[in-house]
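# Dropping the sequence and predicted coords here.
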Amino acid sequence: QQQVKQSPQSLIVQKGGISIINCAYENTAFDYFPWYQQFPGKGPALLIAIRPDVSEKKEGRFTISFNKSAKQFSLHIMDSQPGDSATYFCAATYNNNDMRFGAGTRLTVKP
Amino acid sequence: DAGITQSPRHKVTETGTPVTLRCHQTENHRYMYWYRQDPGHGLRLIHYSYGVKDTDKGEVSDGYSVSRSKTEDFLLTLESATSSQTSVYFCATGQTPNYGYTFGSGTRLTVV
């Protein structure tokens, strides 16, 4: 049972464009929603995270938008750069040691 | 990745043999996790530990066991490896369950 559904599976964006990755969750008890960035041969690294008491969080070029009523959240990468090319995972948890991950999105930013 | 070391980084083993993967942390984090990563599935939790000798099962625990005798070490054992356990295994640590994790660089295991 996949509790966090992520789309698209892959995404190609031109340099300078906006990358958007979407996730939907089922469990309304989730209260922490992180995004991880993974480069080939490396482990995932925490990129940005949000809690459901806010609708948006921005850190540099990365923004999470959160829609509690729709049970959806998304990652926006502004001014995408070739160095942003990586696999991105959304995740969700509720303080129970069982963080659930989406299937991942492979982002390619073309120069 | 800083503070978390996984060993070995790569391993090829035969079906039916036991395999142990090691995770060593210098973060002094209470919580430690073992995940497996497979295409189309993201990361799935195998087992986790919430303290020395305190462990519990995750989503895909069948065929795996874990042990934690010291705060810094968390071992994952495949009791009798099968081809379906071919995967990339990641160890992660956390200060609390409801916060971001720090991941190791992974172990690529191939069962032939």
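Nice, thanks for sending it over.
# what about A:T28, distance to A:K68?
9 Å (CB to CB, to the nearest Å). C-betas here are computed from N, CA, C, even on glycine.
# Then A:S85?
31 Å.
# same thing with A:D98?
20 Å.
# ok, now which ones touch A:N22?
Contacts here follow CB atoms under 8 Å, 6 or more residues apart in numbering or on different chains; on that basis A:N22 touches A:6-8, A:72-74.
# same thing with B:Y99?
Per CB under 8 Å, 6+ apart, neighbours of B:Y99: A:Y32.
# which element is it on?
Taking DSSP states H and E as the definition, B:Y99 sits outside all helices and strands.
# Just want the phi and psi numbers for it.
phi -150, psi 170 (degrees, to the nearest 10).
# and it, what pLDDT?
As predicted, B:Y99 sits at a pLDDT of 84.
# quick one: low-confidence parts of the chain?
Defaulting to chain A. A:1-2 (pLDDT under 70).
# you looked at the wrong chain, it should be chain B
B:1-2.
# and the closest residue to chain A within it, how many residues sit next to it?
Across chain B, the shortest distance to chain A (CB to the nearest CB) belongs to B:F103, at 3.3 Å. B:F103 sits with 24 neighbouring residues when counted by other CB atoms under 10 Å in any protein chain shown.
# Does it have any beta-bridge partners, and if so which?
B:A92 (DSSP bridges).
# Can you give the distance from whichever strand or helix holds B:S49 to the centre of its chain?
Per DSSP H and E: B:S49 is located in strand B:42-51. Chain-centre distance of strand B:42-51: 7 Å, with CA atoms, centre = their mean, to the nearest Å.
# Kindly format the C-alpha coordinates of that strand as PDB.
Only the C-alpha atoms of strand B:42-51 are listed here, as PDB (Å, rounded to 0.1, in the frame of the first residue of the first chain):
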ATOM      1  CA  GLY B  42      11.200   4.700  -3.600                       C
ATOM      2  CA  LEU B  43      12.600   3.800  -0.100                       C
ATOM      3  CA  ARG B  44      10.900   1.200   2.000                       C
ATOM      4  CA  LEU B  45      11.500   0.700   5.700                       C
ATOM      5  CA  ILE B  46      12.900  -2.700   6.700                       C
ATOM      6  CA  HIS B  47      13.600  -2.300  10.400                       C
ATOM      7  CA  TYR B  48      14.400   0.500  12.800                       C
ATOM      8  CA  SER B  49      15.900   1.000  16.300                       C
ATOM      9  CA  TYR B  50      14.900   3.400  18.900                       C
ATOM     10  CA  GLY B  51      17.700   2.600  21.300                       C
END
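# if you look at it, does any of it touch chain A?
Yes. Using CB under 8 Å from any CB of the partner chain, strand B:42-51 reaches chain A at B:42-45, B:48, B:50.
# neighbouring contacts of stretch B:44-61?
Contacts for stretch B:44-61 (CB under 8 Å, 6+ apart): A:97-99, A:101, B:30-38, B:64-71, B:74, B:76, B:89, B:97.
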